[in-house]
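Enquirer: Okay, here's the prediction I keep looking at, along with the sequence it came from:
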Amino acid sequence: MKNGTLIIAPPGAWNKRETLFQHIVSLCPGSDFSSVLYLAPNDPVIGTVRKQFFSFLKKTHNRSAYIPFQALTVRQLALQIYGTLNTEGQPQRVAPTVISSRMRTLLLCALLKEDNIGYAQLLSDLYRKLKHYCPDMTFPGLKDELKRLIFEEKTAERALNAIDILQSYEHFLNDKSLLDPEDMLRDVRATLCACHGQPHRVASTIIIEGFFDPTPLELSILKALIEKTDNVCILADENTEFFSHVRLYEKEMQVITLKCRSSRETVKYYSYPSIEDEVNEIARNVKKCILDGIRPWEIAVCFPSLFPYLPMLQRVFRKHGIPASISEYDLSGTKPLTALTDLISCIENNYPAHELLSVIASPCFPGIPDIVRDRAVAYAYMAGIVKGKPSWLSIGDIILHSYREDVDDEEKKALNLFQQGIEKMISSLETIKAAKDIGSFLDCLEAALITFGFIELLNDRDSQFYSMDAANRITGIFSELRQFAELQGNARNHPDPGFYFKYLLQGLRASDKDKAGVSILPFEIAAGLETKVLFFGGLTEENFPSNPGIDPILPEKVKKELGLPHLEFYLDRQRDYFKRLMNVPELEPYFSCASADGEKILLPSPFLDWEQVITLPELNIFSEEDVLLREGETLFRGRVPGTFSEGDITLSRADTETLRKRIAAMSKGHFRVTDIDFYRRCPFRFYIEKVLGLEMALPPRFEVESRLWGSLAHKTMEELYRDGDILPVELEKRLFQCLEKSLKQFPIGDFWSAVARDIFNKLIPHLKQMETVLREEGFSPYKVEQSVKAEINSLRLKGKIDRIDKKKSEVKSQKSKVKEQRTTDNGQQETVLLLDYKTGSIDGKSLQMPLYARMWQENFSGAVEKAGYYSLKDGSIEWYPKRNTTMEEFMNDALQKTEELIKGMMQGLFPSEPFNTNECRYCYHGPMCETTEHRTQNPDTRL
Amino acid sequence: MSYLDTDKSVIISSPAGSGKTEKLARRYISLLNNGVDVERILAITFTDKAAAEMKQRILNILKAEAPELFASLIRKMPLMRVTTIHSFCGTLLRRFSFEAGIDPNYVIQDAIDSRMAWDEILYEVLMDAGRESEGHELLLQSLSDNGFRGLDLLKRTIDYLFQKSPFSLEAASYIHTPGISEETVEELKAWDGVRGVIDNYDSFFEKGYFTEAPSAEEVFLTDKKEPRKRAKSGMKNIPDFQNWTLSMYRYWKDRKLEEYAQRSERILKIFTKCIGNYAARKRAGRMLDFSDLEYLAYRILTEHPEWANILYAFDERTDHVLVDEFQDTNTFQWAIISKLTEEWRSGLGAKRAEGIHPTVFLVGDEKQSIYFFRGANVEIFQGAREQLEAWLGKEFHYEEAKENYRSLPVITEFANHVCSKIMSALTPQYPWRTRYGPFSATRPGNPYAGKVEIILLEDKEKSTISDTKQNEAETLAQRIKALAGNFQITDKSSRQQRLCRYMDVAVLLRKRTHLKSYEEALRKYQIPFVAVKGIGFYQEPEVAMLRALVFFLSNPRDDYSLYMLLKSRLFDIDEGTILQLISREGSSLFEKMKAAAHVVKPLNISSPLTGGDEGEGEFDFSTTPTLTLPHPWGGNSAHQISIVAELLDDWLSQCVHSPLPEVIEKALVSTRAWRYFHEPQKKANIRKFIRLMEKLEAEGKSLIRIRDFLERTFDSEDEAKANVNTEGMDAVKIMTVHAAKGLEFPIVFVPGIEEPLSAKTSDSLMYERGGRFFYKSIPEASIRRDDDDFLIQEAKEEEEQKRLFYVAVTRAAEGLFLVGTWNDKERNFLSFLKKGLGLEKREGTFIMESDLLGIAVLTGGDVHKLYERAPEHKELKKERQAIQVLPLPAQKQKQWRSVTESVEIRSQHGEDRMMMGDIMHTIFEWISTGALAEQDIRQKAEILLREKNVPESLREEKIALIEKDIITLRQKGVWNDIIMPRENSYAELPFTYEEGDIVYTGRIDRIIKEGSVYNVYDYKTFPVKDKEIGYLLKEYSFQLHLYKRAVMKLFDTKEVKSFIVFSHTGEIHEV
Ligand code: SF4
């Protein structure tokens, strides 16, 4: 050092940077500042320094074009110096290539026996700390130390193991002629220390600013630079670790102590009932500042742990129209990365419905055909897909053949195109799945991403995703993984390359570095800031000071002995930063915390003086949302409007006309008895499901739908007696033949077919018994699936009776059916019973049987002796009418009810009055008719 | 006080209102006072909330009484271990992550996510079981046993087991030991006369007969499946018929039990498979679920006790354990605590040798154990006392608190009186029975102060449950109305007498079934209320509306969700319009809407608050509106539909890039629907939903996967409604007794005292005996009815209800009101009163045997009279002013733009070219500055390629490309003229240059000053074809002109020329 200046900044010092800038300008009179190197601890500080220097030059020298100084972090400078080592130092020697710290984690993970990436991260972190805090210690030396320090056997074993892994990692790098980034720092330090005089390619003037507590390794690099560079200017904050070191140069330097206002020892803080309230209040206050004339970039907002607050912070700021510039955010929740993660999960887990649908629907894959995107969700739900390539490949068939009979041509065409699109997609994903090693995995993945338009989209300047710089980062992952694959060689063909890919995706970060607005940043960085206004939120006991987390490798005591950062170190550091932050802003800082997060109670940070809590006067700053809420309070004072249109469904006269037409179209002149029954059970539900024909798309279920079971069982029973009665000994054989026939009609897959067979197998004894009883009573099957239509008292009804049995003497063979019908029309009396097959539970109040009985009589003028629900669920028949009612009463009662019901229906009355509150239990319209309470499945669980 | 003796381990049985938390805090402090390090004390609470409160309490006491200790504790706050058992276990697992093979950065999976994963696993296992032969059989049996609903039932049973984890993991199958001996069978076979009347009598004793001949049972069983007392016709001749049926019944039952035991076995097998796969999936995703924490910690401590030494090495030993709410501890939790203290408890161990006197301090109240359904085992309380007594002898202290600081004497007397009668004395064979120890009121003042009122309504014949509930709820409302503003209470903070307000009243429900009735009645009587800590968040209409919005956004063809939206307050479209719409032609409702929208031209809907045409929808705030406001955009229905379609379209396109929560907020603002949701609970619910969406998105869930998440919420009833801050709100609070635990209120209402205690039992049972867990399933209700395990379970549940009653009544400080409808049934709260007070109904009036003072029995009529006579209570009303949004001034800040980045080459020329470009630029720069000698180019290129991760195999080829370009450049003279070092030149010159509102930054590849002229060169290193040149020059002219202007300013000159150098061809073009 030839010339040195030490600027000392006591707490509360102001104009720190301006002093430095003046110094720089005094050194370089023109507009060329390229001889200056500005060293700062992190990127955000570098960013602001550049901008502030521009403003400074503009203001003081009215200069708007210049050759700027280089501003770097220690690591960046070291890399630059390292880059010159090859060619300049010893041109013959090829210095090893520096890998990234993420690569370190990957390699460590590969060195571990299992894919414990969390443990690999811990090891990676330990490596970094060892290199920084014990720069002169070797691994064998360290192991001796550990043996000395740890008595407990298991713990020692664990720690030594960890060091072994680190050591083998280092050997591995040596073998491959690679260098860990921390070791690069070490090498640069050595080079700097070894060189005589000004280090080559380092600017002749360096400015060092913003360092509080550099690690020993960083400090030694800084010291070497200070000693070897011609002109040095250091700005150090008093009471910092760094200051205590640079003080040693005091004698050789010109010392300037900055003026300061009286430093703040304690601050007031605000407490809010919830986190959302806290963020909202911060936003309101920020807005107030801006309205008072403070410029957004003069305001900084920070949190002890920023990431959890970020989404809310961004949302609330946008709500208030406040521009924000974020120092660093996590890309992993952004759409492109979500899309990529889903794509890989799709391949790994055999195309689960929601993952594949996410890929299809993602805006980041514009290459997927529109038809696929538009219809995927609807079709997948219709076909009930849970997962699996075969399901996706047969989606069209499933929809066409088993679920919808009324698919029109246009729909068929769409379905066809859709199917083709899906097939193409899956086939390109299959290539990735089939990839044998990481390299080909990456090649196929890249190819697929090109096909799906992903790469192009991210590189498109007009796309919304461009600004995230995601393309660069994702390219980085590809190249890093390729390097990893090459390093691993053929020795290890990892079975799951997606695992590493996903890990790398998780760590991606981005920043709004060129955006103008309120700066939002983590507190460590804020501590080195100069700002007019500072908001420091989230000051709760669990966040601040934060606990560095559990380290299962080295006990705290051992770390302390070794000089590694340990719990106390972290706590003290946070306290220091907190104190510094109190003095950072020009105006009184605004500290705050929330007292609850949902159910959770939060205590204020112990750093705060709990006596100093204040509540803020209500600000006159509101969002549109606040205005509307206030309006609502005034308008509906004390009354609570429902969420869905008031009351039950009511239709105007004109609309009732439409309704009638709809109902008429639905029933084609005759009301379906089952529909009337449906209406009876709950008119509201009837309206939605039958009149409007709307059903909620429920998540794909992995069982056969009860409706399909029903159809299958009905079909089987229908087949059984299609040609009249059969001998009891034939029953079993016949039944299974019929079942096979129905299974062809309702393809439910091998597995469920087997279940169906088994169910019928179990039913057989019951069936035999029921049928025997019927025969004993003199009845035997006569007709099956008989459609009936009738007009009774101007009511026009229709329906289908599952089965009619006739007293034995009256049964004729099926062949003479037509003739016989004629004879009955001629008035011959016959006695029958009606049966309805049920696979579910039986509703004794149903109108179905009495109406069928009446309709049967109307058509065939025969006497219906009784009507029964033939349960295929538990193999029994429940007969109606019950003992104290006659068949006549039973039928007339039903008829009367039907008349009333139809009247109501036609008048547009659809109240949410279920016939039985149990209806609501299995009904999902609850929120709409606001009868959610009925839904309660098990009241005791609703505590 | 002896419980503060820090040399002793202590158990305190501390009844309601006796200051349990205070005692625990005091104990903690006395440990600190005795010099115990804060990190040596572990205090376990039941909830996070309780932990925070406990910390607060400790700090507050210290601050007031021992400022120095307070200051030092504050410094060590992060070391303070006041936590729930779950988070304690969580830390333990991280500590042992290496040994346990857990990723130390594991994530805790939330309930719905684990449900999703579980469902998928179940699917896979069931399907796999369908493929494997053994599993297939297992599954088939279980499925077809129950006919068409087989899977449903099977799934439900397996889910039941899943819910009971971690106990289920320990559960062993119920092993049936046959109860019928061979002799009995022989005896039955030989029974006189049976063979004569039953044809195939011997078949009864064949395996499977009862399944194959289902009606066979009718011979000896009634419909209710009880042994027949009278013989059916044709069987009269069986001698000793009743004994025969009885024996047959026993035989039949035994057969059934055998069958059920096999079934349970099968189910457990399937379950075990599922749980195994589930664990594997969690491991792969680095996840644990909630129940893992406890279970794994338990296993670690019990299976590897030697690992505890590791805790010592990490200086994490615990010398003192304090447990709050000890009565709610489950078996695993106690095992964990017990293990932690085992070594030193036994009087041996290293600690004692070091002179440390470790202790446990357990505080709780057996009578308040109300979490049996979650696995809490009340027996542990008594058991722990016996164990500690045996282990520690004189070093153990047991204390039973007797004082009640909360309730007035009449209430404590009432509780003592009733509870001591319904709770039995401790019986060794039934350790789960609750024992009652009376307490006494210690609040100063009148010994007859306080009020207990039992309000009994008549049960009208034939009235439905909902009528009864409505009647009851109205009576409750009337009673509250009559109390508010008329009943004297003592204010807790000021200790002054004052009239009560609504905020002093709490209505405590045993369960939420009839919540709606109470809410309706309170509304009817205009009594403000909040339902506190209600659950069923996802079933709330406003939440369902937002869910429909998410569904629609994720699938615009979802007609049902769209219908919901149209009907909701977002749009309030009338039913007729929707009906008309649906009746149109089109493939989806949204398509139909868009088609209809073409008919009319939509209005400008920028934002209804800041402008835009509001048309006919202008509001008139002077009149009281109905509960439906006119549409913000007014107009007829066709007009509305067109605007709605436009809005929906807008939201859909926003979803592409904006976060979902913002789209939802926008929806609520742009439709002005927020106005309908101003009510605190609704507002809070909506905010909670938005926050939830935010969290899900931040976790990286796509819209579709959020949809998937929400789909699971239809049936998930246990999510709590959003917390409403009730502070300062003059409203009655309604909550469950469970939610009220630990709280107190001046006035408490307990309605529905006649409701039956428990719901029907299910056929599955997971139960605990002597610290072990068993599973059994008995589908046949009649057999279940006299199964010991089911019976004990039922009895335990009844005991729990007694405790629930105790908790409910002891929440009241000043007045307690029990409301119900008289009936003669057993097993309800009313029956407790009958037993405890001798309450009965005689000739239409209610009579109470006990002569406790201050307890009154009122009828509905009495309440009605009180209501009519009570003077009107005036509510506090705050007038609120209208407010507005202030616009922010437009802000101008210089925009910073990097010039090089603004030139897009990547998309045109690919990544590879980008990388090669970088390398070429670096080489040129180094050559120009003289840092690189020409002969070292190859080596430098090699290094650069390696740094860029270019595989070795490709490097040679790349280097050849570079060398080829250099040869071309040499041939064309560019190399010598431009790239080689020159006087008055710059390479890679950085610049900052302001133009207009933009500050440009960048680097200029090369500047060479020839005479007075500055020549600016920009290198383009990608291959170009001749025909592209014109286009490229145009493309880059902006960049080059910018460079030119920057150089003019930098060097204060007008003489600047700019050129593009195509390194591939060596051509130079002036721009
Ligand atoms: S929830 Fe109940 S009332 Fe509402 S539609 Fe369904 S069945 Fe009807």
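Expert: Yes, it's here.
Enquirer: Could you give the separation of the longest helix along chain B from the chain centroid?
Expert: The single longest helix within chain B, with elements called by DSSP state H, is helix B:241-284. Its chain's C-alpha centre and that of helix B:241-284 lie 32 Å apart, by Cα atoms, centre = their mean, to the nearest Å.
Enquirer: Briefly note if the helix or strand that it is followed by comes near chain A.
Expert: Next in sequence after helix B:241-284, counting helices and strands by DSSP states H and E, comes strand B:287-289. No - Strand B:287-289 lies out of reach of chain A by Cβ under 8 Å from any Cβ of the partner chain, never closer than 11.3 Å. Yep, even glycine has a C-beta here, placed from its N, CA and C like the rest.
Enquirer: what's residue A:620 sitting at in phi/psi?
Expert: phi -90, psi 40 (degrees, to the nearest 10).
Enquirer: pretty sure it is touching residue B:881, no?
Expert: No - the pair residue A:620 / residue B:881 is not scored as a contact, 10.2 Å apart, by Cβ atoms under 8 Å.
Enquirer: Looking at those two, which is more packed in?
Expert: residue A:620 (11 against 6; other Cβ atoms under 10 Å in any protein chain shown).
Enquirer: Contact partners for that one?
Expert: Residue A:620 sits next to B:883, B:886 when contact means Cβ atoms under 8 Å, 6 or more residues apart in numbering or on different chains.
Enquirer: The nearest residue to residue B:423 once chain neighbours are set aside: what secondary structure?
Expert: Excluding its sequence neighbours, the residue lying closest to residue B:423 (Cβ to Cβ, 6 or more residues apart in numbering or on different chains) is residue B:436, at 3.9 Å. Classification of residue B:436 using DSSP: H, G, I helix; E, B strand; the rest coil returns coil.
Enquirer: Against residue A:262, how distant is residue B:436?
Expert: 65 Å (Cβ to Cβ, to the nearest Å).
Enquirer: who has more neighbours, these two?
Expert: For the pair residue B:436 and residue A:262, the greater number of neighbours falls to residue B:436 (21 against 8), based on other Cβ under 10 Å.
Enquirer: so who does that one touch?
Expert: Contacts of residue B:436 (Cβ under 8 Å, 6+ apart): B:367, B:419, B:420, B:423.
Enquirer: In a markdown table, list those residues along with pLDDT, neighbour count and distance to residue B:750.
Expert: Formatted as a markdown table, these follow (pLDDT from 0 to 100; neighbours: other Cβ atoms under 10 Å in any protein chain shown; distance: Cβ to Cβ, whole Å):
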| residue | pLDDT | neighbour count | distance to residue B:750 |
| --- | --- | --- | --- |
| B:367 | 89 | 24 | 16 |
| B:419 | 93 | 23 | 14 |
| B:420 | 91 | 15 | 19 |
| B:423 | 90 | 22 | 17 |
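Enquirer: Filter these down to the ones in strands?
Expert: Members of the contacts of residue B:436 lying in strands (criterion: DSSP state E): none.
Enquirer: Filter those down to the ones in helices?
Expert: With DSSP H as the criterion, helices contain B:419, B:420 from among the contacts of residue B:436.
Enquirer: filter the contacts of residue B:436 down to the ones close to the ligand.
Expert: Counting by Cβ under 6 Å from any ligand atom, nothing from the contacts of residue B:436 sits close to the ligand.
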